[in-house]
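Asks: Could you look at this predicted model? Sequence included:
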Amino acid sequence: MINFVFMKTFNLILSLVFLTIISSKAYPQNWPIVIGNDIHTTNKSLSEDYDNGYLLCNHNYLNASFINYGWLVKTDINGNMKWTKTFGDGEYAMRFTKAIRSSDQGIIISGSSGKFDLYGNCDPLFIKLNTCGEIEWCTIIHDELESGGNYGTGIIEISDGSLIGMVRYYGNQAQTIRISIIKFNLIGEPLWVQHLAQEDSVYNEEGDDLILTSDSNYLVAGHCSYSGEKPYFIKTDSDGNEVWNLKYTSDNGLSGNADQVFEDINGRFYAIGGGHEPLHPINPMLLKFDSEGNKLYHKFIIGDTVKGSGADAICYYNDTTLVIGVQWRVDPVPTGDGFSEIFVTDTLGNVKNRRLLVEQNRTPTNIIKTIDDKIVVTGHYFLDGNWDVYLWKMNSQLEDDSLYTQPMVYDSLCPDEIVSDTIDLDCGIYVDINEIPTKEEYENPLKIYPNPADQQIYLKVKSGQGKVVKVFDIYGRQITALTIPSIGDMSVNVSSWQKGLYLFSLFEQGRFVKSAKVIVR
């Protein structure tokens, strides 16, 4: 009897183990997955979603010179499309640059739109979707001068749920204002703007990547012209004030750009881009610097025999390992011939492993590490007559990941099935970046000086329609109302006023904004 029970129990356990092995069996997956296929599309950002699927932020082309749709793609864990959201109507310019999940599990997107620009140019665009992919709000920073080249180039969420967006602005101050950060409240209203890179010696600056640092500040990576094109980094505090900037000057002979940046667990920063020194051709380049903006290290990843190579994507895999996407070719022409690869390196840029993705001189665009330590890579390539996005998933040895066969639930936070559709944006418009107050103007919208005063009082107010300053005496009686002119500054002669205390109250569109007490003596 004992033997029978033992054998029955043993057989049951063996059966359960066998069923577990069968149900979790990994099937080979044919990577890459091609996304787009019959349309021209290029990838701008990639992230792992809360349900282990992937969010891809793309934009689509009507032709080689006109980008007419922003395209958000959701896939399952195996890269198969679950749904897409297409933004635009195909007639006006539209592009996306980044999409991230917010803390409330909505989706925040940066990009640009030409809907309100008659000349085919673009305005910075920011969108918030809910968990079902429906628009909660969208904001366009419109340029009345119709001067093009204005884009939202990045977006991050900060601890209170508000947003910091980065814009590239080629408006009427293209020589001086080219990188700016804007703070948005929870409903997409711009609160303040801070213009960066205001040094006279720096010009043609571009911000390519924006990250939130471990000390809750912001870091911009890009490039500028400073005796040639140079990698360029700006760190600001949480109010957008520059703490330091780092540019690679002619004293070290390094030129190039920095496309992506990340911070490691020790507060050091790594950036990747394409660069060169006098004895090196253009080459994938790893840069390393500390939290104070001090250069620590740089290395060219490929030898000096390559031509026309570079790198756009970098992933922090662990504290000893980086994953970098590179492109390279040996012959100067044709420029499209070459190789797109993934390199696994140590933190000094020494290559430990590599994998060829596509025989085309195009760099992978984004690399992420998943929650289960896999590597997901995107790139866009012109292989079959149009631009397609390619998606790979691989293990730490750069081998194709296996197909996941177990049932998984996607988009569980949305009560209904998310459907693919096309959305023509209807956004709130904020005319001209110059209409947004600076951080100082936002916190101090009404400046009055001198105070005390005996002859003339000067008022400094951010210009805008419907702004009035009402003046009250100590008894609460209104003495006068001053309509703020378009230039935002005005003066008041108080030499005939009774000596005493007055209250100056600023109203905008009838809404109270700020008060200041002034003594007339």
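Replies: That came through fine.
Asks: Low-confidence bits of the chain, can you list those?
Replies: For the chain, the stretches with pLDDT under 70 are 1-29, 118-120, 144-148, 171-175, 227, 249-254, 277-281, 304-305, 464, 486-488.
Asks: Helix or strand: which one has the nearest residue to Leu425 once chain neighbours are set aside?
Replies: Spatial nearest neighbour of Leu425, chain neighbours left out: Cys138 (5.5 Å); criterion: Cβ to Cβ, 6 or more residues apart in numbering. The C-beta positions use only the backbone N, C-alpha and C, and glycine is treated the same way. Using DSSP states H and E, Cys138 falls within strand 135-142.
Asks: what are the pairing partners of that strand, and which direction each?
Replies: strand 123-129 (antiparallel), strand 428-431 (parallel) (DSSP bridges).
Asks: following the last one, which helix or strand shows up next?
Replies: Yep, that's strand 428-431 we're talking about. Next along from strand 428-431, by DSSP H and E: helix 439-443.
Asks: mind listing what's buried in stretch 470-487?
Replies: Lys470, Val471, Phe472, Leu482, Ile484 (16 or more other Cβ atoms under 10 Å).
Asks: re earlier: could you export the strands paired with strand 135-142 to TSV, including columns for distance to Gly36?
Replies: Listed next are these as TSV, based on distance: least, Cβ to Cβ, whole Å:
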stretch	distance to Gly36
strand 123-129	21
strand 428-431	31
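Asks: can you tell me which of these comes nearest to Glu359?
Replies: Checking these against Glu359 by Cβ to Cβ gives strand 123-129 as the closest, at 35.5 Å.
Asks: Show which residues not belonging to that closest one make contact with it.
Replies: With contact meaning Cβ atoms under 8 Å, 6 or more residues apart in numbering, strand 123-129 is reached by 72, 85, 87, 94, 102, 106-114, 116-117, 135-143, 150-152, 155, 163, 165, 167-169, 184, 188, 425, 427, 433.
Asks: residues in contact with the strand holding Cys138?
Replies: Outside strand 135-142, the residues within contact range by Cβ under 8 Å, 6+ apart are 106, 113, 115-117, 123-130, 150, 152, 167, 182, 184, 187-190, 423, 425-433, 436.
Asks: Can you name every helix or strand that the next helix or strand along the chain from that strand contacts?
Replies: Proceeding N to C from strand 135-142, the next assigned helix or strand is strand 151-157, under DSSP H and E. For strand 151-157, the packing partners by 3 or more Cβ pairs under 8 Å, 6 or more residues apart in numbering; DSSP states H and E come out as strand 94-101, strand 107-113, strand 123-129, strand 163-168, strand 203-212.
Asks: what comes up buried for the third one?
Replies: I take that to be strand 123-129. Neighbour-count burial for strand 123-129 flags Asp123, Pro124, Leu125, Phe126, Ile127, Lys128, Leu129 (criterion: 16+ other Cβ under 10 Å).
Asks: just the last one next, same as before
Replies: Judged by neighbour count (16+ other Cβ under 10 Å), strand 203-212 contains these buried residues: Glu205, Glu206, Gly207, Asp208, Asp209, Leu210, Ile211, Leu212.
Asks: Mind listing the strands that strand pairs with, and their directions?
Replies: Strand pairing for strand 203-212, determined by DSSP bridges: strand 218-225 (antiparallel).
Asks: List every C-alpha atom in the helix or strand just after the partner strand, with coordinates, as PDB.
Replies: Next helix or strand after strand 218-225 toward the C-terminus (DSSP H and E): strand 229-236. The C-alpha coordinates for strand 229-236 follow below in PDB (Å, rounded to 0.1, in the frame of the first residue of the first chain):
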ATOM      1  CA  GLU A 229      30.800  71.400 -33.900                       C
ATOM      2  CA  LYS A 230      31.300  70.200 -30.300                       C
ATOM      3  CA  PRO A 231      29.500  67.800 -27.900                       C
ATOM      4  CA  TYR A 232      27.500  70.000 -25.500                       C
ATOM      5  CA  PHE A 233      25.900  69.400 -22.200                       C
ATOM      6  CA  ILE A 234      23.900  71.700 -19.900                       C
ATOM      7  CA  LYS A 235      22.800  70.900 -16.400                       C
ATOM      8  CA  THR A 236      20.100  73.100 -14.800                       C
END
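Asks: now for strand 229-236, which elements pack on it?
Replies: For strand 229-236, the packing partners by 3+ Cβ pairs under 8 Å, 6+ apart are strand 190-196, strand 203-212, strand 218-225, strand 242-247, strand 255-256, strand 269-276, strand 283-289.
Asks: So for Gly466, which of those sits nearest?
Replies: strand 190-196 (17.4 Å).
Asks: Include distance to Asp454 when you put the helices and strands packed on strand 229-236 into a markdown table, please.
Replies: Converted to a markdown table, those look like this (distance: least, Cβ to Cβ, whole Å):
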| stretch | distance to Asp454 |
| --- | --- |
| strand 190-196 | 34 |
| strand 203-212 | 46 |
| strand 218-225 | 44 |
| strand 242-247 | 39 |
| strand 255-256 | 59 |
| strand 269-276 | 54 |
| strand 283-289 | 54 |
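Asks: for those, which one sits closest to Tyr54?
Replies: Shortest distance between Tyr54 and the helices and strands packed on strand 229-236, using Cβ to Cβ, is found for strand 203-212: 19.5 Å.
Asks: residues making contact with the closest one?
Replies: Strand 203-212 is contacted by residues 153-158, 164, 166, 168, 175, 178-179, 181, 196-197, 218-226, 229, 232, 234, 257-263 when judged by Cβ under 8 Å, 6+ apart.
Asks: Sweet, I'm off.
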